[in-house]
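In: just need the structure, nothing else, for what follows:
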Amino acid sequence: MTRITFPVPVTVPVMSSSFLRYEKILFYLLHLFFFILLGLANNERKFHTFCQFCHVPTDVTMTTKDFILTLGDGFHIAGQSYNYHPVVHTGGGGGGAAGGSATHRVLLIHGNMDNCRSFHLMGPALLQHHQESKGADGCEIVAIDLPSHGRSDWRGGGATVVVVDYVVSIAQIISALEWDQRPITLIAHSMGCMIASAYAASFPRHVVKLVLLEATGAMERHNAAELPRQIHSHVQARIKHQQQQQQQQQQQQLATQSGVPSYETIEEMIKIRQLTPKQAPGNQYISYEAARELVLWGTHEQEKDGTYRWRWDPKLHIPHLFYLSLDQVVALSKSIECPVCLLVAEEGWPIEQTDKYESIVGALQPVVCETLPGSHSFHADPVHAPAVIDTVIKFLDTEYDAPDKKTKSTPAHRATKTTVTATQHPPKVDGGCCVIL
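Out: From the prediction side, this is the model:
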């Protein structure tokens, strides 16, 4: 008889359906946790709060980031942004989260022939104050290089940049930053004040506060009788520049470098930058530290011979074709609806106390108007910048009623240092403020 045997039964563990269900839930929770972290990475404050909830130690560090913005027409704008980044401590290393939806946005606009490093002291100081008083999140501060300045592209064609072109560029920059639907603060120096005030007047509901350093805003330089002479100067300078450009091309030099001298060392360029204010009216000067920041950012080394050249467009030396009339400047100033802070330097750009000047400042109606120690670049001078920065911070932290510009204002005489409240008339400012640079 054949004997039939059966294999010994083996018990195989089988996961119950309930266990598999819990495993899937855990899987989905881990993914959800990951996406929460990813979402919080775009908001410093929420990220920091979440890490505290999870008992994960964090720290906040400030960084200065170089950037290149591509505008709608393909033009490139360079600059620097100042941000705080929460960093998670994980022992051997850290991961960071940056960016976010800020509630406070500040655009810094430099003056003629300068660049974004004009605000190398003010930018970080404003961000630090915001972090200490309101937290790391919610503040975006951006300093730009205007077209044809610093590391931004040069404007094409033979014409020099005029006021309207700069205002268009500012509008494009604000759009590229995605700030066009959000309130912003403008802080400007010298020629930048003209651009900032023109933008604030043209888009009054977009700008919530305006700080003007060493300029009253829009440019008014010549009366109607001087217009033919101004056009003559512009045309002659344009022709001379084009002739120089052709000569440079014939000598097999780059057209983009025509008219730009070369230097052996950076130190030589810093000394030249320090001599520039001495050629201007008054007793102006610029500190070594401020000049060095501008030169390091605004120059580049030539690969072929190791020499250094300025980055700015030589066409910036060409005089503007037109300047605004007094009536136009007053109209622009009256159209600014936000509170204005006007700060000038004791040894800055000199100006005569004329009826024209009083008309402009009277139309501007700054709620803060002070004269501070220093020269034209007092906001970039390590010695005098703290007083400028403190005054700007106090202005930004204070709530003001919108000035009533329908009422005619006559500037009053002022002391050496004066803070003007919203209900007072703006005083005269002697020794520092320029209507144009």
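
In: tell me the secondary structure at residue 30.
Out: helix (DSSP: H, G, I helix; E, B strand; the rest coil).

In: state the pLDDT value of it.
Out: At residue 30, the model reports a pLDDT of 71.

In: that one: neighbour count?
Out: The number of residues packed near residue 30 is 10, by other CB atoms under 10 Å. Quick note: C-beta positions are derived from backbone N, CA and C, even for glycine.

In: try residue 303
Out: Neighbourhood size, residue 303 [other CB under 10 Å]: 6.

In: that one belongs to a strand?
Out: No. Looking at residue 303 with three-state DSSP, it is coil, so not inside a strand.

In: residue 104: how many residues sit nearby?
Out: 19.

In: which ones are touching it?
Out: Neighbour list for residue 104: 130, 134, 138, 139, 140, 185 [criterion: CB atoms under 8 Å, 6 or more residues apart in numbering].

In: out of these, which two sit at the greatest distance?
Out: 134 and 185 (14.1 Å; CB to CB).

In: mind listing which of the contacts of residue 104 are in strands?
Out: 139, 140, 185 (DSSP state E).

In: which among the residues you listed end up buried?
Out: Burial by neighbour count, 16 or more other CB atoms under 10 Å: within those this picks out 139, 140, 185.

In: from the ones in strands among the contacts of residue 104, pick the one nearest residue 402.
Out: Looking across the ones in strands among the contacts of residue 104 and measuring by CB to CB, the closest to residue 402 is residue 185, at 14.9 Å.

In: pretty sure that closest one sits against residue 206.
Out: No. Using CB atoms under 8 Å, residue 185 is not in contact with residue 206; the gap is 10.6 Å.

In: so, low pLDDT: which residues of the stretch 251-400 of the chain?
Out: 251-260, 321-322, 353 (pLDDT under 70).

In: and the strands in it?
Out: Taking DSSP state E, counting those that start in this stretch as the criterion, the stretch 251-400 of the chain carries its strands at 262-263, 299-301, 308-310, 340-347, 368-375.

In: nearest to residue 180, out of these?
Out: strand 340-347 (21.6 Å).

In: pairing partners for the closest one, with directions?
Out: In the sheet, strand 340-347 lines up against strand 207-213 (parallel), strand 368-375 (parallel) (DSSP bridges).

In: please identify the deepest-packed of the ones you listed.
Out: strand 207-213 (a mean of 25; mean count of other CB atoms under 10 Å).

In: I'd like the mean pLDDT over it, please.
Out: Across strand 207-213, pLDDT averages out at 98.

In: what does it contact?
Out: 183-190, 193, 196-197, 199-200, 336, 338-344, 366, 378-379, 388, 392, 395-396.

In: apply 6 Å and report the result again.
Out: With contacts defined as CB atoms under 6 Å, 6 or more residues apart in numbering, strand 207-213 is touched by 183, 185-187, 189, 193, 200, 338-343, 379, 392.

In: if any of the residues you listed are buried, put those into a ChimeraX selection.
Out: Those of the contacts of strand 207-213 that count as buried under 16+ other CB under 10 Å are selected in ChimeraX with:
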select :185,186,187,189,193,200,338,339,340,341,342,343,379,392
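
In: tell me which two in the contacts of strand 207-213 are the farthest apart.
Out: The widest separation within the contacts of strand 207-213 (CB to CB) is 22.9 Å, between 183 and 379.

In: flag the shaky bits of the stretch 101-250 of the chain, pLDDT-wise.
Out: Using pLDDT under 70, the stretch 101-250 of the chain drops low at 101-102, 136-137, 157-162, 219-250.

In: what segments of it are strands?
Out: 104-109, 139-144, 184-189, 207-213.

In: could you dump these into CSV with distance to residue 354 added?
Out: Formatted as CSV, the strands of the stretch 101-250 of the chain follow (distance: least, CB to CB, whole Å):
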stretch, distance to residue 354
strand 104-109, 26
strand 139-144, 33
strand 184-189, 23
strand 207-213, 19
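
In: nearest to residue 350, out of those strands?
Out: strand 207-213 (15.8 Å).

In: and the angle from the closest one to strand 184-189?
Out: Here strand 207-213 points in a direction 10 degrees away from that of strand 184-189 (axes from the mean of the first three to the mean of the last three CA atoms, to 10 degrees).

In: now the angle between strand 104-109 and strand 207-213, please.
Out: Using the same axes, to 10 degrees: strand 207-213 against strand 104-109 is 40 degrees.

In: any chance of the ones in strands among the contacts of residue 104 in a markdown table, plus distance to residue 297?
Out: Shown next, in a markdown table, are the ones in strands among the contacts of residue 104 (distance: CB to CB, whole Å):
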| residue | distance to residue 297 |
| --- | --- |
| 139 | 23 |
| 140 | 20 |
| 185 | 23 |
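
In: now do the SS call for residue 68.
Out: strand.

In: which residues touch it?
Out: Neighbours of residue 68 in contact, by CB under 6 Å, 6+ apart: 76, 78.

In: residue 151 versus that one, what's the distance?
Out: 8 Å (CB to CB, to the nearest Å).

In: who touches both of these two?
Out: residue 78.

In: how many neighbours does residue 83 have?
Out: 20.

In: next: residue 404.
Out: Neighbours of residue 404 (other CB under 10 Å): 10.

In: now residue 290
Out: Other residues near residue 290 come to 29 when the count uses other CB under 10 Å.
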